[in-house]
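> What follows is a predicted protein model with its sequence.
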Number of protein chains: 2
Amino acid sequence: MPPKIKSPEDREKLRTLILDAARTLFVELGIEAVSMREIARKINYSATTLYNHFADKEALLQAVCDEDFLALASGMRDIMQLPGLIERIQALCIGYAQFALSHPNHYRLMFMTPRAPCNLDITKIQQGNTEQDGYAQLKLVVQAAYDAHLFKADITDSELIAQTLWASTHGVCSLEIALGHETWIHWTDIEKRLHLMQSAILRGLLQHPESLN
Amino acid sequence: MPPKIKSPEDREKLRTLILDAARTLFVELGIEAVSMREIARKINYSATTLYNHFADKEALLQAVCDEDFLALASGMRDIMQLPGLIERIQALCIGYAQFALSHPNHYRLMFMTPRAPCNLDITKIQQGNTEQDGYAQLKLVVQAAYDAHLFKADITDSELIAQTLWASTHGVCSLEIALGHETWIHWTDIEKRLHLMQSAILRGLLQHPESLN
DNA sequence: ATAAAAAAGTTAACGGTGTTAAGTTAACAG
DNA sequence: CTGTTAACTTAACACCGTTAACTTTTTTAT
């Protein structure tokens, strides 16, 4: 005895009910546990109902991730209030890493999985919008530091610098997520790996690395 | 009219026939195109035949990757013959990156996908064996450089250094594989990204970075 | 030589997946 | 009171990995 015409609020309520059920499975059991039928079972609806709210599984997962990535971007916006430029860069990397390691499944879906040429169509995050896009914020502060001649003189592309900083933190995090549980590698402490990566990369990029704390 | 008892050579022949079909699909169409049925169709056998040669899909893909990773390790063994320690480290990173970018699907399966605690049970590569394990070779040369006091004095863990070097190259490669086709990021040239990463990380780690070419 | 065993394949099936088509029921609009 | 439409369901399609049961051939043992 299902049908009951719903107010827009009710509709929104069901949407977030689906979203939350999907997130729970996603976070707890990993992406392989997220099936449309499983999500539906969890909230006592049929699987096809999910398709009234999301085009397909991809769109649903994207929506889950979008929500949490907005939280990341928001955290970064706070970090951008810090006084020092280098301080800001360091804090951005640390915040980014904390997010990655505490949301490994999200991170994997967003940054470790090749996707169809453009799922911009799907995501609702406005890329390049500083308010919503973490990379845009990194680019901003790197550009400021570049303009202040904080980087070595022979490095002449601030976008390249930003991407290198990103890749360095991403390297540590993604390796930890993918292989951190492998026992044949005698992993050192993840904190130490993050710290050495950050200090090394900044020492290698900055004109005056001795100014690092 | 199928059954024909086969000599061990014949059996081996079919095994590599399966392996090659799997590799072709894997490399060309990506991992999602590799289904047991699809592989079987390609070589005109039934899907169940594959299970006479491989325990399951995971084992088959692992076998495909193992073969190619032995080639990588072999290339690294050649690089280890280079005279200079730093030269060797640089060449290892470059060779590693070339492999990753020319075998993105292999790379993704091996280094970008979390796995059950230990698929050592599956892989036939002997981890830690310098002959077969690329990471072991990196560790070796890093240890040698460490013993020669080539790294900054405040860095006191050579395993940590090796893992940082690995993560730095992995960061550039995995980001390129996962997001290199995204258009909302204004990617700089991949060669430049690799080069800046390597020079920056070495400048940050080495005691005498000015000695870099 | 004949019977039993093993090998190398096959088809059919199980339980799962994402997704769509068609049907059902309830609320609203005229 | 009759459409229409929204919300939801069941049934189905075409796939998937994997296993069980079966067939046919070859080898081995008596």
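Perfect, thanks for sending it. Residues are numbered from 1 along each chain as shown, chains lettered A, B, ... in the order given.

> Sticking with A:T188, tell me its helix or strand.
A:T188 belongs to no helix or strand when elements are defined using DSSP states H and E.

> Which residue lies closest in space to it, excluding its sequence neighbours?
Nearest residue to A:T188 in three dimensions, chain neighbours excluded: B:L160, at 4.5 Å (Cβ to Cβ, 6 or more residues apart in numbering or on different chains). For every residue, glycine as well, the C-beta is placed using N, CA and C.

> and whatever helix or strand A:D78 lives in, average pLDDT?
Using DSSP H and E, A:D78 maps to helix A:57-79. The average pLDDT within helix A:57-79 is 93.

> Residues contacting it, please?
If you take Cβ atoms under 8 Å, 6 or more residues apart in numbering or on different chains as the criterion, helix A:57-79 is touched by A:18-19, A:22-23, A:26, A:31, A:34, A:36, A:39, A:50, A:54, A:88, A:91-92, A:95-96, A:99, A:103, A:106, A:109-110, A:119, A:122-125, A:130-134, A:137-138.

> So which of these belong to helices?
A:18-19, A:22-23, A:26, A:36, A:39, A:50, A:88, A:91-92, A:95-96, A:99, A:106, A:109-110, A:134, A:137-138 (DSSP state H).

> Which among the residues you listed count as buried?
A:18-19, A:22-23, A:26, A:36, A:39, A:50, A:88, A:91-92, A:95-96, A:99, A:106, A:109-110, A:134, A:137-138 (16 or more other Cβ atoms under 10 Å in any protein chain shown).

> A:A145 reaches A:Q90, doesn't it?
No. Shown here, A:A145 and A:Q90 do not form a contact pair, counting by Cβ atoms under 8 Å, at 11.3 Å.

> Return the residues in contact with the residue nearest to A:T188.
So B:L160 contacts A:T188, A:K192, A:R193, A:L196 (Cβ under 8 Å, 6+ apart).

> Buried residues in the helix or strand harbouring it, which are they?
Using DSSP H and E, B:L160 maps to helix B:158-179. Neighbour counts using 16+ other Cβ under 10 Å place B:158, B:160-179 of helix B:158-179 among the buried residues.

> any idea of the angle that helix forms with helix B:104-111?
What separates the directions of helix B:158-179 and helix B:104-111 is an angle of 140 degrees, with axes from the mean of the first three to the mean of the last three Cα atoms, to 10 degrees.

> what sits against whichever residue of chain A sits closest to chain B?
For chain A, the residue closest to chain B is A:G171, as judged by Cβ to the nearest Cβ, at 2.3 Å. Going by Cβ under 8 Å, 6+ apart, A:G171 touches A:M197, B:W166, B:A167, B:S168, B:T169, B:H170, B:G171, B:V172, B:S174.

> please redo it, this time with the cut-off set to 6 Å
B:A167, B:S168, B:H170, B:G171 (Cβ atoms under 6 Å, 6 or more residues apart in numbering or on different chains).

> Can you give me the pLDDT of the last one?
Just to be clear, that refers to B:G171. 98.

> now it: how far from B:P104?
Going from B:G171 to B:P104 by Cβ to Cβ, to the nearest Å gives 15 Å.

> repeat for A:K13
With distances taken as Cβ to Cβ, A:K13 is found 42 Å from B:P104.

> Which one's more surrounded, those two?
B:P104 (19 against 12; other Cβ atoms under 10 Å in any protein chain shown).

> Nearest spatial neighbour of the more buried one, chain-adjacent residues omitted?
Counting by Cβ to Cβ, 6+ apart, the residue nearest B:P104 is B:I177, at 4.6 Å.

> in terms of contact, does the one you found touch B:H103 like I think?
No. With contacts counted by Cβ atoms under 6 Å, B:I177 stays clear of B:H103, the gap being 9.8 Å.

> For stretch A:80-90, list the C-alpha coordinates in PDB.
What follows is stretch A:80-90, C-alpha atoms only, in PDB (Å, rounded to 0.1, in the frame of the first residue of the first chain):
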ATOM      1  CA  MET A  80      42.700  29.700   4.200                       C
ATOM      2  CA  GLN A  81      42.200  32.300   7.000                       C
ATOM      3  CA  LEU A  82      45.600  31.400   8.500                       C
ATOM      4  CA  PRO A  83      48.000  34.300   8.400                       C
ATOM      5  CA  GLY A  84      51.200  32.900   6.800                       C
ATOM      6  CA  LEU A  85      51.300  31.700   3.200                       C
ATOM      7  CA  ILE A  86      53.500  28.700   3.900                       C
ATOM      8  CA  GLU A  87      51.600  28.000   7.000                       C
ATOM      9  CA  ARG A  88      48.500  27.900   4.900                       C
ATOM     10  CA  ILE A  89      50.000  25.500   2.400                       C
ATOM     11  CA  GLN A  90      51.100  23.200   5.100                       C
END
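
> Sort out which residues of that stretch are buried, please.
Of the residues in stretch A:80-90, those buried (16+ other Cβ under 10 Å) are A:L85, A:I86, A:R88, A:I89, A:Q90.

> domains of chain A?
The record assigns chain A these domain ranges, following automatic domain parsing: A:1-54, A:66-211.
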